[in-house]
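Asks: Generate a structure from the sequence data that follows.
(2 chains)
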2 protein chains.
Amino acid sequence: MAEIITKLRTARLPVGFRAAGISSGIKENGAKDLGMVISDFPTASAATFTTNRIKAAPVRLSQRHLRHGDIRALIVNSGNANACNGKQGFNDAKLMTQFAASSLGLDPSQIFVCSTGIIGYPLPVEKVQIAAPKIVKKLRVSGWRDFSQSIMTSDKVNKVSSFKTLIGGKEITVTGAAKGSGMIAPNMATMLAFFVTDASISENDLREHTKRAVDDTFNCISVDGDMSTNDTVLVLANGAAKNRQPRKGSKDSNRFGEALRHVMLDLAKQLVRDGEGASKFIRVEVQGASSELDAKKVARAVAESSLVKCSWNGSDPNWGRVIDAVGYAGARVDENKVDIYFGPLPAAINGKVAPTPIGKLKAQVAKKEFTLRINLNIGKGSHRVFTSDLSEEYVAYNRLEYALKIQGR
Amino acid sequence: MAEIITKLRTARLPVGFRAAGISSGIKENGAKDLGMVISDFPTASAATFTTNRIKAAPVRLSQRHLRHGDIRALIVNSGNANACNGKQGFNDAKLMTQFAASSLGLDPSQIFVCSTGIIGYPLPVEKVQIAAPKIVKKLRVSGWRDFSQSIMTSDKVNKVSSFKTLIGGKEITVTGAAKGSGMIAPNMATMLAFFVTDASISENDLREHTKRAVDDTFNCISVDGDMSTNDTVLVLANGAAKNRQPRKGSKDSNRFGEALRHVMLDLAKQLVRDGEGASKFIRVEVQGASSELDAKKVARAVAESSLVKCSWNGSDPNWGRVIDAVGYAGARVDENKVDIYFGPLPAAINGKVAPTPIGKLKAQVAKKEFTLRINLNIGKGSHRVFTSDLSEEYVAYNRLEYALKIQGR
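Replies: All right, here's what the predicted structure looks like:
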């Protein structure tokens, strides 16, 4: 079957890309904090950004460079978000692109720049100046793992994924890396995700596939409902696989979109699993809503309820808290039609307790992964969100100033 | 000064009211779980209810009785919310009013009924049937404390308050009791609050004052953002103080409204202080927003951000998390104009770090009570919310099924 989309056992860069990740000294503990990716060929690019009204300087600068087109390289630092630093912040973001550009022999407008870490502290940009020529020397075809480590903040593990498929008879690879674990919310919060592919695809097509895939993946995850100033998803396609560029709407184009979605979904799930203090992975499925929007409201209200998330942490099949969140979500609801399932087992049918033995429901919620399904039974709207539980560890971690100072947010 | 509104050292019932609180056996641990209040005279009544689309049976029944007018007594149980029990739930709520009415020699439509506790378990209404004649015998002028204890669920302390003032030369008293500590959110969540006054006041006036006072007090508190199926605020005025009924808009009428607001504000603050696992009381003040609505959005986003609440718990003056929440609140914001103060000290001015030494900011956040002030500096909209921090104790408590089973929610 030529049309199969396959996950690679080990993530690797597509043809024509090199990457690196090193320590520049921005993180005081000496961990990797500067990453770079370069394409040896011109690229088509697509990106989505935070919807937070307060946008970090690198977000604003990269939006400008993206409009200009012709992105060839990416520079990212972790440990400092370069957000809320006024004019100096914007100048520092510009300097980062200049340091990268001069070391790579490119124009600053060809550089995409991102930052993640603590908000409101000036970026020690001189450290990037010193490190830029060094990181350029470390760029390798095998550099994706180092790169993925260099973008981590409160992440416990680095997150990478590669899928391959055939487009016009040629094998193409889509590879991604992502960071983020706290402040993850629908509409992408404190999340950076970078994707590179050697597929040849038109920029228009790439942008459409990117938007659709982000909506179905990163915009459907929620850890704590907060949304950051720095969120960015970037996709670069350099055509090095030499496939014939697929026509818009063709099977080949759609297969490329599917491959991109696979990589994003894989990384979105990894982000939830690494949620700060998260011990469980929960899929909240809402069906039978009177509209998609209503389904989304209900899924988010349930996935973001502190009380519901605490009950999951305690393996408590507390459908009362779930139906309470359903009620305040702002969606059309008929209380006497709501069904709630933990895994395959009904906890409530028609808004009333179901006869399932409590022990069996508990066994579902005690699992490391389970699906909570809510059927409103009044329409056809549906939505699903991936989320985690709320643990004492989340609070213990986030009350500590230490986390901020060393790892940044 | 005749116009002074004074807090009584010990809360006591106004003239012409009696109350009681006993154990009926709904709570398995034998704690008080049934409360009753009666007025010896006809009353003017006002109430506000949950905005949750899923409303408990007693809420729906009491709404009906309120429209009918002529409320003379209140019956409340704790330990079971009588929510999500279908038709049986509505019948059980009716039975509660019938048991109360027959023991008191009233019509069931004169009874206001409330329930609070676990959702989705049938109410053991036979326990109310047995207890109703008993509680009627316990009704006392001195019964407010017992009553306030009988409505507790996860509350650590009972909450009461009395204020007095002069209306038309006569001393009148306004007395309240409230329960609730988790699931507290703007728009009143898992909260019951009952107010009785011997003032003579028209029903129209009473309803207007009640709405306004609730908006300024109970609708401005937030512990965890959840909203319950059972929230109710009831105010009964029996005119036993024999003051001349004030004209609408008169000084006397407004002084009555002020007294009612004082009692509600006192209890709203008590609710936040007793928030599950709360160790701090924070006043979030937003100023300079482009509208009241925008100010409200910002205050709520900040007060409900898990990350911000964790930082307060850790005494961390983390203004980066605050400005991040400001940004995603959905309000108009100019990043370069935002000022953030912890107590009197600026943490950020014009969206950038202020020169206040970090140690001084920490000392503010380390206090048991402090004000976080956010000035957007783009308009005249303002709003304030009372809230608490998020602690490991909150999670530890709410992950326990135990809490549900014994105390109910």
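Asks: Which helix or which strand is home to A:Leu166?
Replies: Of the helices and strands defined by DSSP states H and E, A:Leu166 is found in strand A:159-167.
Asks: which secondary structure elements does that strand contact?
Replies: Contacts defined by 3 or more C-beta pairs under 8 Å, 6 or more residues apart in numbering or on different chains; DSSP states H and E place strand A:159-167 against strand A:6-7, helix A:144-150, strand A:170-179, helix A:251-273. Where you see a C-beta, it was placed from the backbone N, CA and C, and this is true even at glycine.
Asks: Format those as JSON lines; extra columns: mean pLDDT and distance to B:Pro122.
Replies: Shown next, in JSON lines, are the helices and strands packed on strand A:159-167 (pLDDT from 0 to 100; distance: least, C-beta to C-beta, whole Å):
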{"stretch": "strand A:6-7", "mean pLDDT": "96", "distance to B:Pro122": "49"}
{"stretch": "helix A:144-150", "mean pLDDT": "98", "distance to B:Pro122": "53"}
{"stretch": "strand A:170-179", "mean pLDDT": "97", "distance to B:Pro122": "47"}
{"stretch": "helix A:251-273", "mean pLDDT": "94", "distance to B:Pro122": "37"}
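Asks: want to try a markdown table for these, with mean neighbour count as columns?
Replies: As requested, those are exported to a markdown table (neighbours: other C-beta atoms under 10 Å in any protein chain shown):
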| stretch | mean neighbour count |
| --- | --- |
| strand A:6-7 | 12 |
| helix A:144-150 | 25 |
| strand A:170-179 | 24 |
| helix A:251-273 | 22 |
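Asks: Include distance to chain B when you put those into a markdown table, please.
Replies: Converted to a markdown table, those look like this (distance: least, C-beta to the nearest C-beta, whole Å):
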| stretch | distance to chain B |
| --- | --- |
| strand A:6-7 | 33 |
| helix A:144-150 | 21 |
| strand A:170-179 | 17 |
| helix A:251-273 | 15 |
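Asks: Adding distance to A:Ile323, write those out as TSV.
Replies: TSV is the format used below for the helices and strands packed on strand A:159-167 (distance: least, C-beta to C-beta, whole Å):
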stretch	distance to A:Ile323
strand A:6-7	37
helix A:144-150	40
strand A:170-179	33
helix A:251-273	23
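Asks: Give me the contacts around stretch A:140-151.
Replies: Stretch A:140-151 is contacted by residues A:11-13, A:17-22, A:31-37, A:76, A:78, A:114, A:116, A:138, A:158-160, A:175, A:177, A:179, A:192, A:194 when judged by C-beta atoms under 8 Å, 6 or more residues apart in numbering or on different chains.
Asks: List buried residues within these.
Replies: Among the contacts of stretch A:140-151, the ones that count as buried by 16 or more other C-beta atoms under 10 Å in any protein chain shown are A:11-13, A:17-22, A:31-37, A:76, A:78, A:114, A:116, A:138, A:158-160, A:175, A:177, A:179, A:192, A:194.
Asks: Neighbouring strands - and their directions - for the strand holding A:Leu166?
Replies: strand A:6-7 (antiparallel), strand A:170-179 (antiparallel) (DSSP bridges).
Asks: Alpha carbons of the longest one, as PDB, please.
Replies: It stands for strand A:170-179. Extracted in PDB, the C-alpha atoms of strand A:170-179 (Å, rounded to 0.1, in the frame of the first residue of the first chain):
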ATOM      1  CA  LYS A 170       8.600   9.700  -3.700                       C
ATOM      2  CA  GLU A 171       9.100   9.100   0.000                       C
ATOM      3  CA  ILE A 172       8.700  12.200   2.100                       C
ATOM      4  CA  THR A 173       9.300  12.700   5.800                       C
ATOM      5  CA  VAL A 174       7.600  15.100   8.200                       C
ATOM      6  CA  THR A 175       9.400  15.600  11.500                       C
ATOM      7  CA  GLY A 176       8.400  17.700  14.500                       C
ATOM      8  CA  ALA A 177       9.600  18.700  17.900                       C
ATOM      9  CA  ALA A 178       7.600  20.500  20.600                       C
ATOM     10  CA  LYS A 179       8.000  21.900  24.100                       C
END
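Asks: Quick check: next helix or strand after that strand?
Replies: As assigned by DSSP H and E, the chain's next helix or strand after strand A:170-179 is strand A:192-197.
Asks: now swap in the shortest one and tell me
Replies: Scanning the chain past strand A:6-7 towards its C-terminal end, the next helix or strand to appear is strand A:17-22 (assignment: DSSP H and E).
Asks: after that following strand, next one along is what?
Replies: Scanning forward in sequence from strand A:17-22 by DSSP H and E, the next helix or strand is strand A:34-39.
Asks: between that following strand and strand A:192-197, how big is the angle?
Replies: 20 degrees (axes from the mean of the first three to the mean of the last three C-alpha atoms, to 10 degrees).
Asks: what packs against strand A:34-39?
Replies: strand A:17-22, strand A:73-80, helix A:125-138, helix A:144-150, strand A:192-197.
Asks: Tabulate the ones you listed in a markdown table, adding columns for distance to A:Gly379.
Replies: A markdown table is the format used below for the helices and strands packed on strand A:34-39 (distance: least, C-beta to C-beta, whole Å):
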| stretch | distance to A:Gly379 |
| --- | --- |
| strand A:17-22 | 45 |
| strand A:73-80 | 43 |
| helix A:125-138 | 52 |
| helix A:144-150 | 42 |
| strand A:192-197 | 33 |
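Asks: Of all the ones you listed, which one is nearest B:Ser250?
Replies: strand A:73-80 (60.5 Å; C-beta to C-beta).
Asks: how about the next helix or strand after that closest one: buried residues?
Replies: Moving toward the C-terminus from strand A:73-80, the next helix or strand (DSSP H and E) is helix A:86-104. Residues A:89-90, A:92-101, A:103-104 are the ones in helix A:86-104 that count as buried (16+ other C-beta under 10 Å).
Asks: can you tell me if helix A:86-104 touches chain B.
Replies: Yes: against chain B, helix A:86-104 shows contacts by C-beta under 8 Å from any C-beta of the partner chain at A:Gly86.
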